[in-house]
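> coords below, sequence missing:
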């Protein structure tokens, strides 16, 4: 593997380091795994730098590698409690009425105040992998649908569907966890 | 109103990812349809919760670890030290700590008040609890007693 000079590396880390780490944390749900994911993603990115298309953003390419590293690791460790990538989302089996919020007004500001970082992360960890990636890239990393489509290598329509289903399921799970005081069932 | 908007379309509207020609139609529907309006509010809430959640930043040691692997000419102070370096360093540090603690304890012993010691020694001498010949230090104790009995009280404190 060819090494780079310190300035190039510093620029690379400044531009992509936090984004990659935060995405890895949202995917894995814990910092040790996030570190491993980032290490592996950077290794693969720098080892296979020749396959990078300079006309596209480097961070999207890096996050795509990171996402693939994560999916590979989840497939290898299939004993994990995480729902598999191919598992149908519970929302697909639920009726529309089940998924709609209740009639009670739920002012966003009031609900935001109740946000618990732990509960949010637990709810994210319960999302099927494809939804978790899509929601994290859109709502946490602020990527456009087109960028997410590049990262996840799926059509934009699929991105839109996954983000929607992911948010609906996330809200449902988030509220269940809030009611149970954050305890997983 | 029975013709609800598809949820994914509400999501795209929320994310600003809807075609411009559909924007006005969806906007008008969300105002007119309470159920779709609630759905939009719920999705917006979830988006806000996620987008305002605390971001994790890359730990410095991870950046350093990557730098060691991928940067040429990494300076010596950023080079990872091997266990063969850290073991003697750790042993030396532990020894220094032990000596420090021992000296601290010795100093504490030096700072014991003399009065009770002298009083105890005088009591042993008076009551002859030990043979006369064993009271080797008694003369020294007498000298100390004389010295401190003349000293102002403040010096004994």
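Yep, that arrived. The shown structure was predicted, so the numbers you read here are calculated from the model rather than taken from an experiment.

> domains for chain A, by residue range?
What automatic domain parsing lists as the domains of chain A is A:1-80, A:85-185.

> can you tell me which of those domains the model trusts least?
Mean pLDDT is lowest for domain A:85-185 among the domains of chain A, at a mean of 76.

> For residue B:29, which non-adjacent residue is spatially closest?
Nearest residue to residue B:29 in three dimensions, chain neighbours excluded: residue B:5, at 5.4 Å (CB to CB, 6 or more residues apart in numbering or on different chains). The way it works is simple: take the backbone N, C-alpha and C, and place the C-beta from them, glycine included.

> quick one: the one you found from chain A, how far?
11 Å (CB to the nearest CB, to the nearest Å).

> which ones are touching that residue?
B:26, B:29, B:30, B:33, B:36 (CB atoms under 8 Å, 6 or more residues apart in numbering or on different chains).

> circling back: out of the domains of chain A, which gets nearest to residue B:56?
Counting by CB to CB, residue B:56 lies closest to domain A:1-80 out of these; the figure is 4.5 Å.

> low pLDDT regions in chain B?
Segments of chain B classed as low confidence (criterion: pLDDT under 70) are B:1-2, B:73-86, B:89, B:105-114, B:117-118, B:121, B:124-157.

> just to revisit the earlier point, please report the distance of the residue nearest to residue B:29 from residue A:25.
Remark: distance between residue B:5 and residue A:25 (CB to CB, to the nearest Å) = 34 Å.

> again, but for residue B:58
Going from residue B:58 to residue A:25 by CB to CB gives 10 Å.

> Show me the residue at the heart of chain A, geometrically.
Closest to where the C-alpha atoms of chain A average out (CA atoms, centre = their mean) is residue A:133, at 3.0 Å.

> before we move on, which element is that residue in?
Assigned by DSSP states H and E, residue A:133 belongs to helix A:129-135.

> for that helix, packing partners?
helix A:6-28, helix A:58-76, helix A:117-126, helix A:145-152, helix A:156-179 (3 or more CB pairs under 8 Å, 6 or more residues apart in numbering or on different chains; DSSP states H and E).

> outside of that helix, which residues touch it?
So helix A:129-135 is in contact with A:26-27, A:67, A:70-71, A:74, A:82-85, A:89, A:124-125, A:127, A:148, A:151-152, A:159, A:162-163, A:165-167, A:169-170, B:50, going by CB under 8 Å, 6+ apart.

> among the residues you listed, which ones are buried?
A:26-27, A:67, A:70-71, A:74, A:82-83, A:89, A:124-125, A:127, A:148, A:151-152, A:159, A:162-163, A:165-167, A:169-170, B:50 (16 or more other CB atoms under 10 Å in any protein chain shown).

> Quick one: residues in contact with stretch B:18-32.
Contact partners of stretch B:18-32, identified using CB under 8 Å, 6+ apart, comprise B:1, B:5, B:9, B:10, B:12, B:13, B:36, B:37, B:40.

> And it, what's buried?
B:18, B:26, B:29, B:30.

> hang on, the earlier thing: same list, the contacts of stretch B:18-32, but as TSV with secondary structure and distance to residue A:13 please.
Shown next, in TSV, are the contacts of stretch B:18-32 (DSSP: H, G, I helix; E, B strand; the rest coil; distance: CB to CB, whole Å):
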residue	secondary structure	distance to residue A:13
B:1	coil	52
B:5	coil	43
B:9	helix	39
B:10	helix	38
B:12	helix	34
B:13	helix	36
B:36	helix	44
B:37	helix	44
B:40	helix	39
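
> ok, of the residues you listed, which come out buried?
B:5, B:9, B:10, B:12, B:13, B:36, B:40.

> Need the max-distance pair from these.
Taking CB to CB as the measure, the buried ones among the contacts of stretch B:18-32 span a maximum distance of 13.4 Å, between B:12 and B:36.

> Contacts only, for the closest residue in space to residue A:57 that isn't next to it in sequence.
With CB to CB, 6+ apart as the criterion, residue A:57 has its nearest non-adjacent residue at 7.3 Å, and that residue is residue A:147. Residues near residue A:147 by CB under 8 Å, 6+ apart: A:57, A:60, A:137.

> Tabulate the residues you listed (JSON lines), appending distance to residue A:9.
Output for the contacts of residue A:147, formatted as JSON lines (distance: CB to CB, whole Å):
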{"residue": "A:57", "distance to residue A:9": "18"}
{"residue": "A:60", "distance to residue A:9": "19"}
{"residue": "A:137", "distance to residue A:9": "25"}
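
> out of the residues you listed, which is most surrounded?
Most neighbours among the contacts of residue A:147, by other CB atoms under 10 Å in any protein chain shown: residue A:137, with 27 neighbours.
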